[in-house]
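A.B. asks: Okay, here's the prediction I keep looking at, along with the sequence it came from:
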Amino acid sequence: MFSKALLVASFLLLSPVAAVPCIGFDINWGLYVFGLAQDYSLGPSSNWNQNPLQGGVLTTTGRPPFNGPNTSCYLSQYSNALYVLNADTTQPSNMHIYSFETQSWTTQQLDGAGTDPNSLTAILDRNTNVFFALSNSKLYSLDMGTLAQSDGTTRPWVAVQDPPFAANNAYPKPVMALAENHIHFLNTGTPAKVNIFVIHFSYTQPEPQFFGPLEVGGSGFPSTTGQTASIFKDITTPQQKFAFVPDDGTNTYIFDVLANTTQAIAGPTVKSTSRLAASQRELVQMTSSGELWWIPLNPDDAQPNYSATWSKINFAVNTPTANPSGSGNGNTNGSASSSQTSTRTGVANSPSSNSSVPNSASHAHGSLGLLSTGLLTLGLGFCGLWSIL
């Protein structure tokens with residue numbers, strides 16, 4: 001019998017409308033998985049040692065099919081909502097919003113301006129609820145106000161500036177992270193250094209910023225592609241740290257943007273990272289085969305992080321047959337089931353424009369090739385495209 005990981009991998013690899021799943025947290029730090037045949041709430045980390053962990057099933061009414069080539073997801077902390085970009089090939093420039101409070105999906109119309117949704121790389125500033133994105137060497141912004149659902153308007157991407165380091169499309173897929181009003185570009189040429197854009201002054205620092213390794217004799221983080229996730233603090237305090245996992249997965253780097261340091265801790269057990277998401281004390285990885293792993297983080301004391309290890313979340317996928325059209329607009333399972341472990345809460349305070357901290361979401365998804373084509377085709381024929389999970 002095929003394992004869950006192999007079946008998830010085969011679904012992602014051969015589906016004509018291939019899903020690009022996301023993971024994310026709500027403001028009470030319950031973990032969610034979006035973009036499989038069904039969406040799931042897995043609850044806080046105190047639940048994750050269940051074996052297997054049964055996920056609460058969420059509605060798919062109005063949900064995008066998660067079939068875009070550049071799908072990315074972001075927690076809007078003040079609105080308690082998930083913003084999803086490029087999740088529907090029929091409307092790639094628009095945004096889909098999942099409200100953790102009402103557990104419902106809406107679609108927000110966007111004016112793409114000069115952006116390319118298929119290559120756009122974005123970050124969401126936590127405090128102002130404004131996106132910043134690099135597309136075709138130009139930096140754009142998108143003001144989301146306090147939206148927890150679509151407001152029926154069309155919101156525009158607005159050109160901000162041409163960052164000098166990105167000229168001539170030098171970094172078409174930059175690795176972006178954000179804390180303390182600063183967007184950090186991690187793979188711009190020099191190990192242990194980042195290029196920085198200061199949001200509230202709309203200013204690119206002329207020289208890269210050095211981040212010294214905490215480890216004696218350490219070489220610092222590599223200038224390479226990978227995944228990032230901002231490490232949240234409480235609702236009133238700006239984030240000051242973010243995590244970075246390079247594509248080779250050799251280490252997990254914790255950036256402290258106040259001290260300008262990095263801490264190198266254990267890299268993921270499975271190196272093929274598709275997504276990262278962080279709460280206040282947990283970093284969660286989705287692998288390219290669909291597995292979920294996590295590592296505890298101590299934001300106040302670096303020493304315990306050196307002994308922290310990655311653990312697998314034995315998530316039991318139990319998916320119904322989804323809308324065969326892949327549109328995501330039909331109701332395939334109704335509202336959330338009685339087994340749901342959702343941690344939804346009321347909407348938090350409105351954003352302030354005085355300080356900003358983001359949630360980062362990663363964009364790349366790794367190649368998959370775990371089962372032979374003949375076996376997968378046979379499995380698809382008997383089980384149907386969406387029911388193989």
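C.D. replies: Thanks, I have the structure now.

A.B. asks: Now do the same contact list for the closest residue to residue 280 other than its chain neighbours.
C.D. replies: Of all residues not flanking residue 280 in the chain, residue 232 sits nearest, at 5.2 Å (C-beta to C-beta, 6 or more residues apart in numbering). Backbone N, C-alpha and C define where each C-beta goes, glycine included. For residue 232, the contacting residues are 25, 29, 75, 77, 126, 239, 278-280, 357, 359, by C-beta atoms under 8 Å, 6 or more residues apart in numbering.

A.B. asks: Flag every buried residue along the host helix or strand of residue 312.
C.D. replies: If you go by DSSP states H and E, residue 312 is part of strand 311-313. The neighbour-count check on strand 311-313 (16 or more other C-beta atoms under 10 Å) flags 312-313 as buried.

A.B. asks: Give me the packing partners of the helix or strand just after it, helices and strands only.
C.D. replies: Remark: after strand 311-313, the chain's next helix or strand is strand 315-316, criterion DSSP H and E. Counting contacts by 3 or more C-beta pairs under 8 Å, 6 or more residues apart in numbering; DSSP states H and E, strand 315-316 packs against strand 53-54.

A.B. asks: What pairs with the strand it packs on, parallel or antiparallel?
C.D. replies: strand 315-316 (parallel) (DSSP bridges).

A.B. asks: Could you list the residues in contact with the strand it pairs with?
C.D. replies: 4, 33, 40, 42, 52-55, 292.

A.B. asks: How about stretch 145-160?
C.D. replies: Against stretch 145-160 from outside (C-beta under 8 Å, 6+ apart): 76, 78-81, 97, 99, 101-102, 104, 106-115, 129, 132-133, 138-144, 202, 347, 350-351.

A.B. asks: gap between that stretch and the chain center?
C.D. replies: In terms of C-alpha atoms, centre = their mean, to the nearest Å, the centre of stretch 145-160 is found 20 Å from the chain centre.

A.B. asks: And for stretch 38-46?
C.D. replies: Distance, stretch centre to chain centre, for stretch 38-46: 15 Å (C-alpha atoms, centre = their mean).

A.B. asks: Might one say that residue 110 is in contact with residue 94?
C.D. replies: Yes: look at residue 110 against residue 94 with C-beta atoms under 8 Å: they come within range, at 5.3 Å.

A.B. asks: tell me the helices in this protein, going along the chain?
C.D. replies: Using DSSP state H, the helices found in the chain span residues 4-14, 373-383.

A.B. asks: Flag whichever of those helices has the least confidence on average.
C.D. replies: Taking each of those in turn, the lowest mean pLDDT turns up on helix 373-383, with a mean of 33.

A.B. asks: if we can go back for a sec, pick out the lowest-pLDDT one from the contacts of residue 232.
C.D. replies: Among the contacts of residue 232, residue 357 has the lowest pLDDT, at 28.

A.B. asks: shaky segments in the stretch 201-350 of the chain?
C.D. replies: For the stretch 201-350 of the chain, residues meeting the criterion pLDDT under 70 lie at 318-350.

A.B. asks: Try it again at 90.
C.D. replies: Applying pLDDT under 90 to the stretch 201-350 of the chain flags the ranges 201, 218-219, 233-239, 316-350.

A.B. asks: contacting residues around the closest residue to residue 95 other than its chain neighbours?
C.D. replies: In space, and not counting its chain neighbours, residue 95 is closest to residue 108: 4.4 Å by C-beta to C-beta, 6+ apart. By C-beta under 8 Å, 6+ apart, the residues touching residue 108 are 94-97, 147, 150-151, 155.

A.B. asks: Of those residues, which is the most crowded?
C.D. replies: Within those, most neighbours by other C-beta atoms under 10 Å means residue 96, with 26 neighbours.

A.B. asks: Check that residue and give its pLDDT.
C.D. replies: Per-residue confidence at residue 96 stands at 98 (pLDDT).

A.B. asks: Quick check: bridge partners of it?
C.D. replies: Judged by DSSP bridges, the bridge partners of residue 96 are residue 84, residue 107.

A.B. asks: circling back to that earlier point, would you list the buried entries among the contacts of stretch 145-160?
C.D. replies: Among these, those classed as buried by 16+ other C-beta under 10 Å are 76, 78-81, 97, 99, 101, 104, 106-108, 110, 112, 115, 129, 132-133, 138-142, 144, 347, 351.

A.B. asks: mind checking the backbone torsions on the residue nearest to residue 280?
C.D. replies: For residue 232, the backbone dihedrals (degrees, to the nearest 10) come out as phi -70, psi 150.

A.B. asks: Please determine how far the closest residue to residue 93 other than its chain neighbours is located from residue 261.
C.D. replies: Once flanking residues are discounted, residue 93 sits nearest to residue 112: 3.8 Å by C-beta to C-beta, 6+ apart. For residue 112, the distance to residue 261 equals 38 Å [C-beta to C-beta, to the nearest Å].

A.B. asks: And residue 306, by the same measure?
C.D. replies: Taking C-beta to C-beta as the measure, residue 306 falls 14 Å from residue 261.

A.B. asks: Who has more neighbours out of these two?
C.D. replies: Counted by other C-beta under 10 Å, residue 306 and residue 261 do not tie: residue 261 has more neighbours, with 19 against 13.

A.B. asks: give the contact list for that one.
C.D. replies: Neighbouring residues of residue 261 by C-beta under 8 Å, 6+ apart: 211-214, 255.

A.B. asks: Write the ChimeraX selection for whichever of the residues you listed are buried.
C.D. replies: The buried residues among the contacts of residue 261 can be selected in ChimeraX (16+ other C-beta under 10 Å) with this line:
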select :211,213,214,255
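
A.B. asks: from the contacts of residue 261, which ones fall inside strands?
C.D. replies: Judged by DSSP state E, strands contain the following of the contacts of residue 261: 212-213, 255.
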